[in-house]
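one predicted model, sequence on top.
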Amino acid sequence: AQKVTQAQTEISVVEKEDVTLDCVYETRDTTYYLFWYKQPPSGELVFLIRRNSFDEQNEISGRYSWNFQKSTSSFNFTITASQVVDSAVYFCALSEVGSSYKLIFGSGTRLLVRP
Amino acid sequence: GAVVSQHPSRVICKSGTSVKIECRSLDFQATTMFWYRQFPKQSLMLMATSNEGSKATYEQGVEKDKFLINHASLTLSTLTVTSAHPEDSSFYICSASTGGQLAFFGQGTRLTVV
């Protein structure tokens, strides 16, 4: 069965600190996709990244970076030099090829960046 | 990226009435649309998957007679919450896919049943 675990319910940091959001997944498929979404207070889901299971290269996009480790089934997300505007709930999600690409979401991590 | 428009963004209805939520893909044809529900401070849970022209596939525990899904065209899917009750108050969000591995989300609808 597929499952996504975000063990950190809430994280509070001071602006400019680096913060890492953890994501651990379970799947029996060899082909799957992993995602991160940001959900600000307005509710919409902002797509951040998609990574397929065959691509373990880490990725950096501005202040964001992602570390994909198949050996530990983890797909962690780091925000460098956090800003107040980063405050939101962040969801990690998994989709399996055999299930019409529907998303299985983790429980989310609420990030609060204090000035 | 592709645009998915969801309407209305907020709705308040009386208990016992029905509410229809629309999800439109504006610049692409969506062969598959997904409906998710999110209770306050919780994660998003998939309710159903709908493919154009066929019946929706509901997740376990979701009442198909209460949450009616219609996907009559490649650009429109609707979710109707029938005989809504306060416990149906939630954030409903749709996503649309062309069949590839990326689905695009609508803005969500916050439903309050009073």
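Perfect, I can see it now. Numbers count the residues shown, from 1 in each chain, chains lettered A, B, ... in the order given.

mind listing the strands for the chain?
I went with chain A, as the question did not name one. Applying DSSP state E to chain A gives strands spanning A:3-5, A:10-14, A:19-21, A:24-26, A:32-39, A:46-52, A:59-61, A:64-69, A:74-79, A:88-96, A:103-105, A:109-114.

chain B, not that one
B:4-7, B:10-13, B:19-25, B:32-38, B:44-51, B:57-58, B:67-73, B:76-81, B:90-97, B:103-105, B:109-113.

as CSV, these with mean neighbour count and distance to chain A would be great.
Where you see a C-beta, it was placed from the backbone N, CA and C, and this is true even at glycine. CSV is the format used below for the strands of chain B (neighbours: other CB atoms under 10 Å in any protein chain shown; distance: least, CB to the nearest CB, whole Å):
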stretch, mean neighbour count, distance to chain A
strand B:4-7, 19, 9
strand B:10-13, 14, 10
strand B:19-25, 21, 13
strand B:32-38, 24, 6
strand B:44-51, 21, 5
strand B:57-58, 16, 8
strand B:67-73, 18, 13
strand B:76-81, 22, 14
strand B:90-97, 25, 6
strand B:103-105, 22, 4
strand B:109-113, 19, 7
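
weakest of these in terms of mean pLDDT?
Lowest mean pLDDT within the strands of chain B: strand B:103-105, a mean of 87.

and that one, what other elements does it pack with?
strand B:90-97 (3 or more CB pairs under 8 Å, 6 or more residues apart in numbering or on different chains; DSSP states H and E).

the strand it packs on pairs with which strands, and in what direction?
Sheet pairing here is set by DSSP bridges, and for strand B:90-97 it gives strand B:32-38 (antiparallel), strand B:103-105 (antiparallel), strand B:109-113 (antiparallel).

residues contacting the longest one, please?
The one in question is strand B:32-38. The contact list for strand B:32-38 (CB atoms under 8 Å, 6 or more residues apart in numbering or on different chains) reads A:100-103, B:23, B:25, B:44-52, B:67, B:69, B:71, B:77, B:79, B:90-97, B:99, B:103, B:108.

spit out the contact partners of A:S65.
A:S65 neighbours (CB under 8 Å, 6+ apart): A:N58, A:E59, A:F77, A:T78, A:T80.

any idea how far A:F35 is from the second one?
It stands for A:E59. For A:E59, the distance to A:F35 equals 12 Å [CB to CB, to the nearest Å].

which residues are common contacts for these two?
A:I49, A:R51.

comparing these two, which residue is more hemmed in?
A:F35 (24 against 12; other CB atoms under 10 Å in any protein chain shown).

that one against A:I49, yeah?
Yes: between A:F35 and A:I49 there is a contact under CB atoms under 8 Å: 6.7 Å.

nearest spatial neighbour of A:V84, chain-adjacent residues omitted?
A:V113 (5.1 Å; CB to CB, 6 or more residues apart in numbering or on different chains).

may I have stretch B:54-72 as CSV, with CA atoms only?
This file holds the C-alpha atoms of stretch B:54-72, laid out as CSV (Å, rounded to 0.1, in the frame of the first residue of the first chain):
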residue,chain,number,x,y,z
SER,B,54,-17.7,7.4,-17.7
LYS,B,55,-18.8,6.9,-14.2
ALA,B,56,-16.6,8.2,-11.4
THR,B,57,-14.6,5.9,-9.3
TYR,B,58,-15.1,6.6,-5.6
GLU,B,59,-12.6,6.0,-2.8
GLN,B,60,-13.6,3.7,0.0
GLY,B,61,-15.8,5.4,2.5
VAL,B,62,-17.1,8.1,0.1
GLU,B,63,-20.8,8.0,-0.5
LYS,B,64,-21.4,8.1,-4.2
ASP,B,65,-25.1,9.0,-3.8
LYS,B,66,-24.2,12.0,-1.6
PHE,B,67,-21.3,13.3,-3.7
LEU,B,68,-22.4,13.2,-7.3
ILE,B,69,-19.7,13.7,-9.9
ASN,B,70,-20.3,14.4,-13.5
HIS,B,71,-17.6,14.7,-16.1
ALA,B,72,-19.6,15.3,-19.2
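
that's all I had, so thanks and see you.
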